[in-house]
Structures are given as C-alpha cells and as structure tokens.
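J.: Below are the sequence and a predicted model for it; my questions follow.
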Amino acid sequence: MRELEVLSDGHLKLDFAEWKDFFEQELVERVRAQLKALIEKALEAERDRYLQFGFYEHAPQFRFDYRNGCYFRDFATRLGLLRRLRIPRTRKGFRSQILPRYQRRQAAVNELVRQAFLRGISTRQVGEVLEPVLGEAYSAQTVSNITRELQSAVGQFHGRKLRDEYVYLFLDGVVWKVRDTTGSVRRRVILVAYGITAQGGRELVDYQFAINGESEAAWTEFLQNLFLRGLEGRNLRLIASDGGKGLQPALPLVFPCIPVQLCWAHKLRNIADKVPRKEGSCVAGAASIYRAGSQAEAQKAFHHWKKCWEARRPKAVACVERDLHGLLNFFAVPQGQWKKVRTTNVIERAFREVRRRTRPMSSFSNPQSCDRIIFGVVSHLNRSWKAKPLPEFTQSC
C-alpha cells in the first residue's frame, strides 16, 4: 500500500493528479485483496464439502480422505495478478471445480490476450502491452498457446448450420501472399462467400483455402458445402461473382436458377489490361455503361462506347460484349441497391482487415495458424456488422 505524506498542519502533500492516482491504485489493490480472500474461502468451502465435514467436526466412522495443508499459486485475473493464492489440498488429491488443476489464468484473461493478438499486436508484444493490466508479461510462446485454443472455434465456424435467408450472395477468390517458415512467399487462394439479407444484415458466410486455386472443382466443392449446410438459395435474387473461369461453370451446378451479376470492378481491370495507360478514357467510357439509369440506357451506352473504340481496341470491346448480359443483371433489383450488388468489392474490403493483421507477422508455421487469424478477423467483422445493417437494403425487396 502507498503512504501519503502529511504536512505539519495536517494537510496532504498531493496535487490533484497525484491524489487521483493514489486513490485509484488504493482502490484496485483493496478490490484485488478482497477477491483473493473470497476465492480462498470458496476453495476451502469446496474442500469441506468434498470431505463432508468442516474444521473441529468429528469425522464419519469410515473416513475416505484427510486435509493436507495447502500450496500457493499465482492466478491472473482481469483485476491483475493474485500472488500466492492459497489452494487447499488433501492427501488423496482433491480436485477443485472452482479453480481446476494447472489453471493459472481466468478465462477472461485468455480472451483479452486473444483479442489483443487479433487486433494486430504481435505475439512478442502482447505480453508487454498487457503487463500493466494483468500484472505480468506473457512470453510469445504463452500467447501462441492461448491463441491455439481458437482452433476448435474455427472448426465450428466452418461446420455450422447456415440460415437460408440471404437475398444476395457475393462470391470471389482472394489471393493472399503468405511467407512460410523457409522465408519464401507463396500465393494462396481463398474462396469467399458473403451474404446480405432482406433486412440489410451482412455476414461473411464462409471461406476456404483452395488447394487447386480457383478451379471449377474447388468452387464446386465450396458451393456444395454451403448448400449442404443449409444455404439452398430459396431467397436468393442475385449472385455477384468475379467472373472467374472456374466459378462460372460451377454456379449452374449448385444454384442453377439464380441470375449471376459479373463484377464490374474486375471487368474494368480487364479492360485496363488491354489498353495503354494513356488511353484511360476507354476505361472511363466503359464505366459509363453501369452508371446508366436503366438497362435500356446501359445498352445504348455500350453501343456508343463500342462505336468509339471497336476499331482501335477490339479486344477491350470484345471483353465487355461477350459478358454484357451478365454485367447488366443488377438492373433487375431495386435501384437503391445497384451500387452494392454490381461488384464484389465488399469481399475485398473485408479482407483488407485480414491483410492489415497479417502484415506484422513474419511467417506462419502451418495452414492452421493462417486459418485462425482469418477466423478471428472475420468473427470480429461479423459481430460488428450485426449492429450496423445496410440502409440500402432495409426497404422491401
């Protein structure tokens, strides 16, 4: 406990900041002491219930166990570290349910460490950052062991039952560069599904590491898994896709009756690859197609753009013309929702958070560690989105 310096006239020698700091620290220490005493009394009461008699009581005729003093253990809580917590024991090894054997941290402390790690703090820095709060610094190995407990939650996320309530489904393959333990950078493709409900609720439904890239077999397996878990598409009005060669033939196999909207952002990148940078007006002209007020006006805008560029850039025009029907499917939904459903940018924005989180990490020891990081970020996004429905989708669809 800190001591206050008292002047000769009986007043405290403290300014306001010191006074506030003193009483805050004093309060925390007193609460921590009370918590320690409470836990010790609860452990003793639990031990007495196990023995079926208390102190100074006569034992039953056939006694099955005896008190055997106690031992001491440090225990981390949200209020800080409880040092030398008194743990009662018996000769035959009484095991407490209140404080299980070998447990040295409160469950809330483990969750705090995991959340700090998932917010972007490296394993080596988590212990230092949380030391003022928890009263001790955890090693990088301890932090890794705590975060490894997420693996069961990851399995539950990938296997959970899905609600068939989405009116729009977005599908895209995200390329993720991962540095492995050998120091080499590998490109990993992640297949992602993102859904929006009629009430404006949004959710990153699931993701899957693709061994064979964005092949038809990989997409078919991913979509069939979603279907078998409950996403049958009975309420789907539109599927927005990146237009990949593997996804296009896979979609009719699982969702044969749902219109597919090809992503305009991907299409504009394809056009830009086919024209010199100095001819950026070609890309800008193509963008005027989806900015039209109706599907008929968009058709007119395309023909005008085609007339201007077909002779000079035939490959760029052909790139749009062969997919024009799929690019204009978004006009069939309410106008207030056009901007959201004509691209798959929602998936790219979500995975910016994943990339931001993995940037401080030098390497991954195995694919499971990658999966845990993505799951942690995705879970945080899904929780935050529950309280923020999209206003464009709250109208009746």
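T.: On my side now, so go ahead. Owing to the predicted nature of the structure, the values given are computational and were not obtained by experimental measurement. Numbering: from 1, shown residues only.
J.: what residues go with each domain of the chain?
T.: Dividing the chain into domains by automatic domain parsing, as the record does, gives the ranges 16-151, 165-262+364-397, 264-342.
J.: can you put those in a markdown table and add distance to Arg352 and mean pLDDT?
T.: Bear in mind the C-beta positions are built from the backbone N, C-alpha and C, glycine included. Formatted as a markdown table, the domains of the chain follow (distance: least, C-beta to C-beta, whole Å; pLDDT from 0 to 100):
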| stretch | distance to Arg352 | mean pLDDT |
| --- | --- | --- |
| domain 16-151 | 12 | 78 |
| domain 165-262+364-397 | 10 | 87 |
| domain 264-342 | 14 | 90 |
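J.: Could you pull out the strands in the stretch 51-200 of the chain for me?
T.: 67-77, 80-90, 166-179, 185-197 (DSSP state E, counting those that start in this stretch).
J.: Of all those, which one is nearest Thr358?
T.: Closest to Thr358 of the strands of the stretch 51-200 of the chain, according to C-beta to C-beta: strand 166-179, at 7.7 Å.
J.: Partner strands of the closest one and their direction?
T.: strand 185-197 (antiparallel), strand 238-241 (parallel) (DSSP bridges).
J.: Need the ones you listed in TSV (columns: mean neighbour count).
T.: Conversion of the strands paired with strand 166-179 to TSV gives the following (neighbours: other C-beta atoms under 10 Å):
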stretch	mean neighbour count
strand 185-197	19
strand 238-241	23
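J.: May I see these organised as CSV, with distance to Leu169 added?
T.: Conversion of the strands paired with strand 166-179 to CSV gives the following (distance: least, C-beta to C-beta, whole Å):
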stretch, distance to Leu169
strand 185-197, 5
strand 238-241, 5
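J.: who wins for proximity to Gly159 among the ones you listed?
T.: Each of those was checked against Gly159 via C-beta to C-beta, and the shortest separation belongs to strand 185-197, namely 14.6 Å.
J.: could I have the closest one exported to PDB, CA atoms only?
T.: Below are the C-alpha coordinates for strand 185-197, written out as PDB (Å, rounded to 0.1, in the frame of the first residue of the first chain):
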ATOM      1  CA  VAL A 185       6.400 -16.100 -50.200                       C
ATOM      2  CA  ARG A 186       3.600 -18.300 -51.500                       C
ATOM      3  CA  ARG A 187       0.300 -17.200 -53.200                       C
ATOM      4  CA  ARG A 188      -2.700 -18.800 -51.500                       C
ATOM      5  CA  VAL A 189      -6.200 -18.500 -53.000                       C
ATOM      6  CA  ILE A 190      -9.100 -18.200 -50.500                       C
ATOM      7  CA  LEU A 191     -12.600 -18.800 -51.800                       C
ATOM      8  CA  VAL A 192     -15.000 -16.400 -50.000                       C
ATOM      9  CA  ALA A 193     -18.800 -16.200 -49.700                       C
ATOM     10  CA  TYR A 194     -20.500 -13.000 -48.400                       C
ATOM     11  CA  GLY A 195     -24.300 -12.600 -47.900                       C
ATOM     12  CA  ILE A 196     -26.800  -9.900 -47.400                       C
ATOM     13  CA  THR A 197     -30.300 -10.400 -46.000                       C
END
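J.: Which SSE is immediately downstream of that strand?
T.: Proceeding N to C from strand 185-197, the next assigned helix or strand is strand 202-210, under DSSP states H and E.
J.: Buried residues in that next one, which are they?
T.: Along strand 202-210, the positions that meet the burial threshold by neighbour count (16 or more other C-beta atoms under 10 Å) are Arg202, Glu203, Leu204, Val205, Asp206, Tyr207, Gln208, Ala210.
J.: so which of the domains of the chain comes closest to Ala350?
T.: domain 165-262+364-397 (5.7 Å).
J.: hmm, back to that, for Val346, which of the strands paired with strand 166-179 is the nearest?
T.: With distances scored as C-beta to C-beta, the stretch of these nearest to Val346 is strand 185-197 (5.5 Å).
J.: relative to strand 202-210, how tilted is the closest one?
T.: With axes from the mean of the first three to the mean of the last three C-alpha atoms, to 10 degrees applied, the angle from strand 185-197 to strand 202-210 works out at 150 degrees.
J.: related to what we said a few turns ago, closest one of the buried residues of strand 202-210 to Glu392?
T.: Once C-beta to C-beta is applied, the member of the buried residues of strand 202-210 that ends up nearest Glu392 is Arg202, at 10.8 Å.
J.: so how far is Arg355 from that closest one?
T.: In this structure, Arg202 and Arg355 are separated by 20 Å, where distance is defined by C-beta to C-beta, to the nearest Å.
J.: How about Gly195?
T.: When distances are taken as C-beta to C-beta, Gly195 and Arg355 turn out to be 22 Å apart.
J.: Same question for Leu162.
T.: 26 Å.
J.: More neighbours: which of the two?
T.: Set side by side, Leu162 and Arg355 show unequal neighbour counts under other C-beta atoms under 10 Å, the larger going to Leu162 at 19 against 13.
J.: So which other helices or strands are in contact with the top helix by length along the chain?
T.: For the chain, the helix with the greatest residue count under DSSP state H is helix 16-51. If you count contacts as 3 or more C-beta pairs under 8 Å, 6 or more residues apart in numbering; DSSP states H and E, helix 16-51 packs onto strand 67-77, strand 80-90.
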